[in-house]
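Novice: What would the 3D arrangement of this be:
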Amino acid sequence: MGVWQFLVAREARRVDTIYHPLIKEDGAVRRHTVYEPGRPARRRSRRLPAWPPYSYPLDALLPIRPPHADLWIGFNNLLAARGVAERRLGRVEQVAYWAVDFVPDRFGAGPLTRAYDTLDAYCCRSVDYRVELSEAARNGRDARHGLTHDSVAPTQVVPVGAWLDRVPAAPSDGYAARRLLFIGHLVPRMGLDLGLEALSLLKGRGASVHLDVAGHGEHEAELRAQAERMGISDRVTFHGFIRDQRELARLISQSSVALAPYKPDPSSFTRFADPSKLKGYLAAGLPILLTDVPPNAEDLAREAGAEILPYEPAAWADAIERTLGDAGGWRERRAAALAYAQRFDWNTLLEDAFARMGFEA
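Specialist: Numbers count the residues shown, from 1 in each chain. Purely as a prediction, here's the structure:
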């Protein structure tokens, strides 16, 4: 999310950010950073137990003594609920629940999901502002909790954006690099195993293609072993999680084709999401290959030079070969992606979002 960068760039009087680990690969360190105009950022770290999801409630304890705030933004319901509590104590003026995802049956059937849903519905009703990343997420959450227009906080949809002025575009001959790119959490639902199978097919056809993988996750060791078994480990580079956004932007701009092979699982929360990596791919002008899982897949195929493919390795190998072999078509798709990305500049999206919450930038 680009919210804190936007506020810092607009010289908000003070911006406090709290980073919480989401998955076990993120470690156990929570980081609190304070930004004030004209002063260097001040950072503090605190190590707390990390056993996701059971340790998530600990996130709501930080910061222990927060400063007075005009606006508290919680990117999940635990943190939004903490903001509501701080508002009642008079330490926060207004609270926004800026939901970064919507997941039906988040923890499966059982008491944990029931508790999550109860808190989620409470936040939607109790905060001052509610922000969703997609219409699908808003409608899904409304249906899940039985929310109506009159029973919830004022709600707006703010899609994920990109810092268009900070992301270099792939060169007009970027197809010649013959580099595929996958960014994402390395778990089965993201479908990288299908990408590896497609790469193996391309090797068998004598095609010279390399795959860059940026991300980490519980499936990483298995994916590395799969590449080794297929004899394509020399054609795959696992970069791990790239925290430096400038480094990640460079990697994207040096690529030729972006892969988003989401597994077509009816329970996948990507059906309600607005994956940030897709906006990063678009900002660099990369042709995107994806499955029909994200709610904006058809829009991307219709307007942004993307191509929707079935979840079959041969179809992906064919599409990669076809995309890299058509220089003119690649340039047209690059131009379409760059043009479509103009709708999602963080500066424009967030200026409008905060104005609708009564905060003029």
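Novice: Ser126 and Val84 touch, don't they?
Specialist: Yes: using CB atoms under 8 Å, Ser126 makes contact with Val84 at a distance of 5.0 Å. For glycine as for every other residue, the C-beta is placed from the backbone atoms N, C-alpha and C.
Novice: Quickly list what's touching both of these two.
Specialist: Val95 (CB atoms under 8 Å, 6 or more residues apart in numbering).
Novice: what secondary structure does Arg30 sit in?
Specialist: At Arg30 the chain is in strand, as set by DSSP: H, G, I helix; E, B strand; the rest coil.
Novice: Equivalent analysis for Arg44, please.
Specialist: Arg44 falls in the strand class when you classify it by three-state DSSP.
Novice: what's near enough to touch the nearest residue to it once chain neighbours are set aside?
Specialist: Excluding its sequence neighbours, the residue lying closest to Arg44 (CB to CB, 6 or more residues apart in numbering) is His32, at 4.8 Å. Contact analysis of His32 by CB under 8 Å, 6+ apart lists 16-19, 43-46, 62-63.
Novice: Turn those into a markdown table, columns for neighbour count, distance to Glu360 and pLDDT.
Specialist: Shown next, in a markdown table, are the contacts of His32 (neighbours: other CB atoms under 10 Å; distance: CB to CB, whole Å; pLDDT from 0 to 100):
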| residue | neighbour count | distance to Glu360 | pLDDT |
| --- | --- | --- | --- |
| Asp16 | 16 | 21 | 96 |
| Thr17 | 17 | 21 | 96 |
| Ile18 | 18 | 25 | 94 |
| Tyr19 | 15 | 28 | 92 |
| Arg43 | 11 | 29 | 94 |
| Arg44 | 11 | 31 | 92 |
| Ser45 | 10 | 34 | 91 |
| Arg46 | 15 | 34 | 88 |
| Leu62 | 19 | 30 | 87 |
| Pro63 | 14 | 27 | 89 |
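Novice: Now tabulate those residues in TSV and tack on distance to Val293.
Specialist: Formatted as TSV, these follow (distance: CB to CB, whole Å):
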residue	distance to Val293
Asp16	35
Thr17	30
Ile18	31
Tyr19	28
Arg43	37
Arg44	39
Ser45	36
Arg46	37
Leu62	34
Pro63	37
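Novice: List just the nearest of those residues to Ala315.
Specialist: Here the nearest of the contacts of His32 to Ala315, counting by CB to CB, is Tyr19; it sits at 38.8 Å.
Novice: Helices along the stretch 1-150 of the chain, start to end?
Specialist: Ranges of helices in the stretch 1-150 of the chain, per DSSP state H, counting those that start in this stretch, are 3-9, 56-59, 77-88, 111-126, 135-145.
Novice: Worst mean pLDDT among the ones you listed?
Specialist: Sorting those by mean pLDDT places helix 56-59 lowest, at a mean of 88.
Novice: Show me what the lowest-mean-pLDDT helix or strand in the chain is in contact with.
Specialist: Among the helical and strand segments of the chain, the one scoring lowest on mean pLDDT, DSSP states H and E is helix 56-59, with a mean of 88. Helix 56-59 is contacted from outside by 18, 20, 30, 48-49, 76, 78-79, using CB under 8 Å, 6+ apart.
Novice: Dump it to PDB, restricted to CA.
Specialist: What follows is helix 56-59, C-alpha atoms only, in PDB (Å, rounded to 0.1, in the frame of the first residue of the first chain):
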ATOM      1  CA  TYR A  56      -2.100 -11.800  15.300                       C
ATOM      2  CA  PRO A  57      -3.900 -10.400  18.300                       C
ATOM      3  CA  LEU A  58      -0.500  -9.300  19.700                       C
ATOM      4  CA  ASP A  59      -0.400  -6.800  16.700                       C
END
